[in-house]
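>>> Give me the fold of what follows.
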Amino acid sequence: MEEQHNDHQLNIELSEEVAEGIFSNLAIITHSNTEFVLDFIRVMPGVPKARVKSRIILTPEHAKRLMVAMQDNLEKYEAAHGRIKTQEEPPGFPMNFGGPTAQA
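Sure thing, here's the model as predicted:
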């Protein structure tokens, strides 16, 4: 009897616009009992207002899978490129990025 292999393959389409990506230097994560919401924000020095550039909504199960995948990728990155150093930051986000305030 011949075995049939049914390889499930997913074709993923990536448009040029989406492929460009969105730069974010702040992420805010909130959750309810049914979903996790990840808001990606770009904060600019000296600008007191920032706008959410992208919002991703995940089920709790998918959020956990994402966390595991991120951990795996960070470990692989650090194995190849060295430890990523992080600084302990005070509560809140430094709006001036630690540099001098620009003047016109």
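>>> The longest helix anywhere in the chain - contacts with which helices or strands?
As assigned by DSSP state H, the longest helix anywhere in the chain is helix 60-81. When contacts are defined as 3 or more Cβ pairs under 8 Å, 6 or more residues apart in numbering; DSSP states H and E, helix 60-81 sits against strand 36-42. C-betas here are computed from N, CA, C, even on glycine.
>>> which stretches of this protein have low pLDDT?
Low-confidence segments of the chain, defined by pLDDT under 70: 1-6, 89-104.
>>> ok so, going back, the longest helix of the chain versus strand 36-42: what angle between them?
50 degrees (axes from the mean of the first three to the mean of the last three Cα atoms, to 10 degrees).
>>> start at 50 instead
Done: numbering now begins at 50, and the last item shifts to helix 109-130.
>>> Could I get the buried residue list for helix 109-130?
Residues of helix 109-130 classed as buried: A112 (neighbour count, 16 or more other Cβ atoms under 10 Å).
>>> and that helix, how far from the chain's centre?
Remark: helix 109-130 is offset 11 Å from the chain centroid, using Cα atoms, centre = their mean, to the nearest Å.
>>> just stretch 87-102 next, same as before
14 Å.
>>> I78: helix or strand, and which one exactly?
Element membership of I78 [criterion: DSSP states H and E] is strand 75-80.
>>> Tell me which strands that strand pairs with, and in which orientation.
strand 85-91 (antiparallel) (DSSP bridges).
>>> Contacts for the strand it pairs with next, please.
By Cβ atoms under 8 Å, 6 or more residues apart in numbering, the list of residues contacting strand 85-91 from outside reads 71-80, 99-109, 111-112.
>>> one more time with 10 Å
71-80, 99-113, 115-116, 142 (Cβ atoms under 10 Å, 6 or more residues apart in numbering).
>>> Check stretch 110-117 too.
Looking at what lies outside stretch 110-117 - Cβ under 10 Å, 6+ apart - the contacts are 78, 80, 84-87, 105-108.
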